[in-house]
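Student: have a look at this prediction, sequence included:
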Amino acid sequence: MTEDNHPTDPSAIRPETLVVAAGRPPREPGASANVPVQLTSTYAADGPVVYARSGNPTWSAFEAALGALEGGHALVHSSGMAAIAAALSLVPPEGTVLVTDATYYETGEALRELETTGRTIVRRHATDTAGFLAALPGADLLWLESPTNPLMDVVDLETVLARSRELGVVGVVDNTLPTPLLCRPLELGADVVVHSATKYLSGHSDVILGATVVADTDRGRALGARLQRHRTLHGAIAGPMAVFLALRGLRTLAVRFERACASAAELAVRLTGHPAVSRVRYPGFGGMLSFEVAGDAAAAERVCAATRVWLHATSLGAVESQLERRRRHPAEPETVPENLVRLSVGIEHVEDLWADLDQALRHALP
């Protein structure tokens, strides 16, 4: 992160201010308040960037802002899956990955593909802290989500990551759901943080983008160099316009997330005890929750089809509230109940969200 792209000391201000201030151009008379979109593939020789596959000033601004929020050095990727693929490239040949038994389903697909290449995948339930600690000595890479997607189970990150650091196991945390406003895994001992920046960071359902963040240590910088090499060699680079939009969305993360979290907490209370709901899965924080419809998969699909304010869609973390029955995807593991509906709470008025959800739930009743 350069001084130009980091005009404010991140240790001196709160995250809600940092998310607005970081990654700005230098404050000079007549200077732009925002970093412009740099639409170029080619740079004149002998400058800091040789070719646009390896760098872009628009990328640098986003990376500076996200790095400051997470407390490390960020690297932007073309998608969340590109970031996940880069992080999984750190697994050595015939290495072992220790992971929660429920993850984002395409992370699960990527792990199953790794198994076909001679790697070993060891799974433990997110709340089985003793199981993680017992399995860590045989692992090369630890992969965690907290909460897990879509079951919303919470990992004891502090305990598990501290032990992984002691053993030299590379610790990776997908921080997409809590965002750096609620969790900073690098401070807990993680080596790499992964984001689908498509989700909360950009927040407007208009870009596909990912990011990795590594610690500002010799170990972190070495891992960051490997992640950057993977990005370059595999061509998983982001378009400057998408990164510009993500940076613009990042500026409002704090206010968007505050509303989403408050509404999610209220909806969790109201869903508990609803006659059409058999179980609510809410981790106690964040803007995400899941519930199980008191019925079968068809009943859950009726709920999703009946909403008018909630968008029935496969995504999360946007200004619009979204819901989906996750087992409609064949790759979703069997540990996810057929009747589970995942909610991503947006920034609409909570009473409108509840009224729409309540009437949709009544469609599921026999």
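Tutor: In hand now; what should we look at? Numbering: from 1, shown residues only.

Student: return the alpha-carbon coordinates of stretch 57-75 using CSV.
Tutor: C-alpha atoms of stretch 57-75 as CSV (Å, rounded to 0.1, in the frame of the first residue of the first chain):
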residue,chain,number,x,y,z
PRO,A,57,-4.0,2.0,-10.5
THR,A,58,-7.7,1.2,-10.0
TRP,A,59,-6.8,-2.2,-8.6
SER,A,60,-4.3,-0.5,-6.3
ALA,A,61,-6.9,1.8,-4.7
PHE,A,62,-9.3,-1.1,-4.0
GLU,A,63,-6.5,-3.2,-2.6
ALA,A,64,-5.3,-0.4,-0.4
ALA,A,65,-8.8,0.1,1.0
LEU,A,66,-9.5,-3.5,1.7
GLY,A,67,-6.0,-4.2,3.0
ALA,A,68,-6.4,-1.4,5.5
LEU,A,69,-9.8,-2.8,6.6
GLU,A,70,-8.4,-6.3,7.1
GLY,A,71,-5.1,-5.2,8.5
GLY,A,72,-2.9,-6.7,5.7
HIS,A,73,-2.1,-6.6,2.0
ALA,A,74,-5.0,-7.2,-0.4
LEU,A,75,-5.0,-8.7,-3.9
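
Student: need the strands for the stretch 151-300 of the chain, in chain order.
Tutor: Using DSSP state E, counting those that start in this stretch, the strands of the stretch 151-300 of the chain run over 170-174, 192-196, 210-215, 277-281, 288-293.

Student: who wins for proximity to Ala44 among those?
Tutor: Among those, strand 210-215 comes nearest to Ala44, with 28.2 Å by C-beta to C-beta. Where C-beta positions appear, they are placed from N, C-alpha and C, glycine not excepted.

Student: who touches that closest one?
Tutor: For strand 210-215, the surrounding residues in contact (C-beta atoms under 8 Å, 6 or more residues apart in numbering) are 62-63, 66-67, 70-84, 86-87, 186, 190-198, 201, 220-221, 223-224, 227.

Student: check stretch 344-352 too.
Tutor: With C-beta under 8 Å, 6+ apart, stretch 344-352 has contacts from 256, 259-264, 266-267, 287-289, 309, 315-323, 353.

Student: what pLDDT, on average, does it get?
Tutor: Taken as a whole, stretch 344-352 carries a mean pLDDT of 98.

Student: repeat that for stretch 262-271.
Tutor: Stretch 262-271 shows a mean pLDDT of 98.

Student: give me the buried positions along it.
Tutor: Buried residues in stretch 262-271, counted by 16 or more other C-beta atoms under 10 Å: Ser263, Ala264, Ala265, Leu267, Ala268, Leu271.
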